[in-house]
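with the input below, show me the fold.
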Amino acid sequence: HIKENILLVPNHASVTPQAVVKAPSTILSTSYYSNEVIAIDLEKETIKETIPVGKDPQGLGISSENSTVYVANSGDNTITLLNFSKELTLTGHISVEKKPASVVATKNFVYVANSDSDNVSVIDIKENKQVGTINTGKMPVSLCFDDKEGLIYVLNGRSNNATVRSEERRVGKECRSRWS
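So this is what the prediction gives:
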């Protein structure tokens, strides 16, 4: 059974969703112009809450146990940490490289594509700090993680390729696209 609805948000005219993550019974979205994360209740089809984050939020990721949300703020080069229990609560910020655009969380690390630094920040979840970087192609803009294979895929916008890294060994290769 598929249910399709459109949720209109008249009081949030500046809402321009940059990233969307589905958590149990909630959709989380960043709003670039209002510098906030919006939580939408799927059952009630209403905005549950909004919470201010850093400047120009773009990507967001959620921990494997759905307890922490990581928001990439491209305007101030930070990651905002939000506790996601019954409601969103700001728990801190982590400084990263230039123009964070996309975030993916694994069991032990958070990876952040930094589009103006041509790298990916590696954040240790237990320490909540950047512990390293991974060089990529030019302008990494999107990330995904294959938990079965333990591989991180980074799409590089200006070099027209993808960087593939093993989470375990942090070694990898670039894959040229068929259009290069």
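
so where is this protein shaky, pLDDT-wise?
Confidence mapping of the chain against pLDDT under 70 gives the ranges 1-24, 169-180.

mind redoing it with 80?
Screening the chain residue by residue with the criterion pLDDT under 80, one finds the ranges 1-24, 66, 85-86, 167-180.

now do the contacts for the closest residue to residue 107 other than its chain neighbours.
Counting by C-beta to C-beta, 6 or more residues apart in numbering, residue 64 is the residue found nearest to residue 107 once chain neighbours are left out, at 5.4 Å. C-beta coordinates here come from the backbone N, C-alpha and C atoms, glycine included. With contacts defined as C-beta atoms under 8 Å, 6 or more residues apart in numbering, residue 64 is in contact with 105-107.

swap the cut-off to 10 Å and go again
Listed by C-beta atoms under 10 Å, 6 or more residues apart in numbering, the contact set of residue 64 reads 105-108, 125, 145, 147.

swap in residue 104?
Shown here is residue 104, whose contacts under the criterion C-beta under 10 Å, 6+ apart are 59-62, 70, 110-113, 120, 142-145, 152-154.

and it, how far from residue 46?
Distance of residue 104 to residue 46, computed by C-beta to C-beta, to the nearest Å: 28 Å.
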